[in-house]
Each structure stands twice: as structure tokens, then as C-alpha cells.
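1. okay, structure incoming, though there's no sequence with it:
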């Protein structure tokens, strides 16, 4: 049997799966025939998918379109310091752009509030206008 040893998490997952399957099988005897057949088919599909997932190894790198070799993140081939900086540069540009937009929006809001405050202070309104519930609506319609 030429099989690689399983790690501890795989063993725990297998034990959990067996225990869950035994609980489900104990309750399956009371189910109608059509439901038990659907469950059996689903179980067979799940087991087949699990076997396929275990057999296929995970790919670490991506082959180039020219067929010249493999580009792996962990190796030094094809990834110099400049290419690593170039891959981080768009992220930095995005963050700087978002900070600039936030600053501009905040400045715009402050400017709008200053305009309202200056309109209130320079306008000749009676003091009762500030306590009027429709005063905010009046300001919105006149500005």
C-alpha cells in the first residue's frame, strides 16, 4: 500500500465523518423509500467528490502561455524586486485615491455647512425664525 501518511486534521475529519454517518444511518431506517434513495445517491456523489479532491494535487504555480516554464510565487525566477513593487503599486494608488476622495468630500461638506452658517449670520431674520419647524425647509428651498 503506497500511501502517504495522513496528517492529524485529516484523521480527525475522517473520524467526525464516520461518527456523523453512523448517526445519520441510524435514523435513515425510518425514512420513506424515495427519500432514502435520494440520500444514498447524494452520499455516493459526496464520497466520489471527496476521492477526486484527495487525488488531485494542488497547483502551486502557473505555467506561462509560451510553455517556457513555471512561475511560482515562492521562487526567485521571474519575480524580481521591481516586479514585486509593481504588483503592490496599484494597491497603493487605490488607497491614495480613496483617501483623496474622502478628503475632497469632507472639504465639500465643510464648505456647504460654512455657506449655511454665513447665510444665517448675514441674513436679517427675526429670532423667532430659528425656532420655526419649517425653517430648515425654507433654507433648502432658498439655497
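-> Great, that's in hand. Please read all numbers here as calculations on a predicted model, not as lab measurements. Numbering: from 1, shown residues only.
2. which residues are in contact with stretch 30-37?
-> Residues outside stretch 30-37 that contact it (CB atoms under 8 Å, 6 or more residues apart in numbering): 28, 39. Yep, even glycine has a C-beta here, placed from its N, CA and C like the rest.
3. I'd like the average pLDDT over stretch 47-54.
-> Across stretch 47-54, the average pLDDT comes to 74.
4. repeat for stretch 33-42
-> On average, stretch 33-42 scores 84.
5. number the residues from 46 up from this point.
-> From this message on, residue numbering opens at 46, which makes the last subject stretch 78-87.
6. run the chain-centre distance for the helix ranked longest in the chain.
-> For the chain, the helix that runs over the most residues, judged by DSSP state H, is helix 126-167. A distance of 24 Å separates the centroid of the chain from that of helix 126-167, by CA atoms, centre = their mean, to the nearest Å.
7. then stretch 82-100?
-> Counting by CA atoms, centre = their mean, stretch 82-100 comes out at 28 Å from the chain centroid.
8. pull out the buried positions in that stretch.
-> Neighbour counts using 16 or more other CB atoms under 10 Å place no residue of stretch 82-100 among the buried ones.
9. poorly predicted segments of the chain, please.
-> Low-confidence segments of the chain (pLDDT under 70): 46-51, 98-124, 171-172, 188.
10. now with 90?
-> Where the chain drops to pLDDT under 90, the residues are 46-59, 62-133, 154, 158-188.
11. mind checking which residue lies nearest the centre of this structure?
-> Nearest residue to the geometric centre of the chain (CA atoms, centre = their mean): residue 136, 16.1 Å.
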